[in-house]
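Novice: Everything below, folded, please.
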Amino acid sequence: MLRLIYGLVLVLLIAIPSLAQQPTPPLIPYGISISTENAKKVAAAAIAESQKIKCTEAIAIVDTGGYLVYFEKMPDTQTGSIELAIEKARTSALFRRPTKALEDMVAQGGLGLRVLRFTNAIPVEGGFPIVSEGKLIGAIGLSGGSGEQDGQVAKAAVSIIK
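Specialist: Now for the predicted structure:
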């Protein structure tokens with residue numbers, strides 16, 4: 001009887017973690033990196049959305065490798081937002097997903113906490129991939145508003161690229 005109980009416990013210990021794991025979304029394939037011209041257009045869209053919702057932002061656009069292509073800081077944006085915007089953009093490009101996805105993994109706890117040890121990963125909303133014709137061409141990072149505002153501005157800005 002004791003062997004049966006141990007066997008059931010072992011099965012549960014193996015099965016439960018696999019049931020709790022979320023399926024990994026397919027990664028966006030890489031394309032040719034965003035041009036400076038298009039990066040400026042994305043930044044202009046970010047500024048327009050920021051002004052619309054009345055927040056100030058640091059705006060970073062990076063290429064597919066996470067290297068800075070364009071940066072702009074709106075007047076009165078806190079200085080601490082500069083590096084954070086760049087890091088959010090880099091994280092989104094390197095991991096090919098919004099930084100909100102990493103934030104959500106950390107919030108779930110358990111295995112999601114491993115994200116805290118990923119090199120070059122900022123698990124804070126505000127980084128978003130820039131996709132053209134189904135391929136990753138770069139990413140944007142925003143910092144200066146609340147996390148939700150940064151995410152809203154990022155989504156609006158990248159929507160201008162088709």
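Novice: Give me the phi and psi angles of S132.
Specialist: phi -130, psi 130 (degrees, to the nearest 10).
Novice: In contact with D150, which residues?
Specialist: 57, 88, 125-126, 142-144 (Cβ atoms under 8 Å, 6 or more residues apart in numbering). (C-beta placed from N, C-alpha, C; glycine too.)
Novice: what's the closest of these to K100?
Specialist: E125 (4.3 Å; Cβ to Cβ).
Novice: okay, the residue nearest to S132 when sequence neighbours are not counted: pLDDT?
Specialist: Closest residue to S132 apart from its sequence neighbours, by Cβ to Cβ, 6 or more residues apart in numbering: I161 at 5.2 Å. Listed pLDDT for I161 reads 94.
Novice: Assumed I161 was part of a strand.
Specialist: No: secondary structure of I161 (DSSP: H, G, I helix; E, B strand; the rest coil): coil, not part of a strand.
Novice: and A85, which of the three is it?
Specialist: Here A85 is recorded as helix under three-state DSSP.
Novice: Also L111?
Specialist: helix.
Novice: Give me the buried positions along stretch 142-158.
Specialist: For stretch 142-158, the neighbour count (16 or more other Cβ atoms under 10 Å) marks 142-145, 147, 149-158 as buried.
Novice: In strands only, show me those residues.
Specialist: 142-143 (DSSP state E).
Novice: Of all the residues in stretch 122-132, which ones are buried?
Specialist: Buried residues in stretch 122-132 (16+ other Cβ under 10 Å): 122-131.
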